[in-house]
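Peer 1: this one's structure only:
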């Protein structure tokens with residue numbers, strides 16, 4: 001399969017991915033309980049504007065508005081029979097912006113978890129999951145997505161199912177986990193083991209990494225473990241912009257443009273080739289990150305202590321940290 005990610009990395013060395021889709025769409029009027037994917041048809045001008053804002057902020061990669069685009073997530077909104085068309089439309093909107101950018105911009109087809117548990121904990125089996133992901137990825141490919149961007153995963157089995165679907169559809173794929181539970185994913189996947197999840201499949205990912213989570217310090221700690229375990233792999237980090245905090249009735253993310261700039265510098269030196277933002281990351285943050293990438297001068301590989309000193313305390317206990325590892329700040333998180 002053609003590898004557009006490596007081609008652009010060969011040209012630019014480090015790529016800037018985009019920011020948050022969901023939280024930015026909420027700022028544009030999406031209501032709690034609404035499916036963002038339905039906006040691909042009901043409010044395409046707003047989705048297009050967000051993609052354009054990301055490109056104008058310097059993003060080299062934009063992700064489609066399709067994170068919850070499987071039949072399992074869309075059935076919550078009565079749209080389980082519209083998987084192909086909603087995902088195709090999501091990719092078409094992003095493709096149109098990328099094609100008019102005046103420079104190379106990659107369109108990644110966002111593929112999030114189904115929200116279902118696999119057997120024996122739940123009722124979803126591997127073949128059913130592959131079928132659901134294949135249905136979604138077929139729509140994304142038809143609309144012009146170049147890569148299946150499998151993200152925010154916690155279950156190794158679900159990653160394998162999405163990867164198998166991408167292979168069957170004929171799209172190169174990446175996958176990222178969310179290491180938000182004591183430095184591991186919710187289903188116990190350790191950052192150092194993520195590179196082995198798809199061993200045995202007919203095609204391997206063109207990049208792997210981490211996204212979402214609990215802020216810049218923790219995702220950088222996960223990056224250190226991933227890069228140490230697999231130094232030759234193209235690595236992605238797409239961390240949340242700080243942590244969510246309630247201010248009155250609003251949820252605000254604590255990260256500043258300055259913090260996200262420092263995060264970008266650290267991520268490069270820790271081995272990432274694709275750096276972006278997840279929840280809470282706005283175009284203002286991306287502007288700062290673009291400047292950081294363009295001005296970066298290579299430094300030494302950071303330590304955990306370097307990370308804590310420069311971007312703040314860890315929020316969870318390190319997955320593999322010993323007694324000498326910096327203590328992660330323990331704080332109950334409120335889910336929004």
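Peer 2: Nice, I can see it. Just so it is clear, the structure is predicted and the values come from calculations on it, not from any experiment.

Peer 1: per-residue pLDDT of the nearest residue in space to residue 188 that is not next to it in sequence, please?
Peer 2: Closest residue to residue 188 apart from its sequence neighbours, by Cβ to Cβ, 6 or more residues apart in numbering: residue 181 at 8.0 Å. For the C-beta atoms, the positions are set from N, CA and C on the backbone; glycine is no exception. Per-residue confidence (pLDDT) for residue 181: 94.

Peer 1: pretty sure residue 181 sits against residue 315.
Peer 2: No. The pair residue 181 / residue 315 is not scored as a contact, 11.0 Å apart, by Cβ atoms under 8 Å.

Peer 1: next one: the residue nearest to residue 188 from residue 32, what distance?
Peer 2: Per Cβ to Cβ, to the nearest Å, residue 181 is found 24 Å from residue 32.

Peer 1: with neighbour numbers in mind, choose between those two.
Peer 2: residue 181 (17 against 6; other Cβ atoms under 10 Å).

Peer 1: the more buried one pairs with what?
Peer 2: For residue 181, the beta-bridge partners are residue 184 (DSSP bridges).

Peer 1: wait, what's in contact with it?
Peer 2: 154, 188, 316 (Cβ atoms under 8 Å, 6 or more residues apart in numbering).

Peer 1: number of nearby residues for the first one?
Peer 2: Using other Cβ under 10 Å, residue 154 is surrounded by 18 other residues.

Peer 1: who touches it in this structure?
Peer 2: 113, 177, 178, 181, 185, 186, 187, 189.

Peer 1: residue contacts, the last one?
Peer 2: Shown here is residue 189, whose contacts under the criterion Cβ under 8 Å, 6+ apart are 154, 155, 156, 177, 179, 197.

Peer 1: which strand residues bridge the closest residue to residue 274 other than its chain neighbours?
Peer 2: Of all residues not flanking residue 274 in the chain, residue 236 sits nearest, at 4.2 Å (Cβ to Cβ, 6+ apart). Note on residue 236: beta-bridge partners residue 209, residue 274, judged by DSSP bridges.

Peer 1: surely residue 236 meets residue 16?
Peer 2: No. Counting by Cβ under 8 Å, residue 236 does not reach residue 16; the two are 11.4 Å apart.

Peer 1: now for the two: what residues contact both?
Peer 2: With contacts taken as Cβ under 8 Å, 6+ apart, residue 236 and residue 16 have 275, 276 as neighbours in common.
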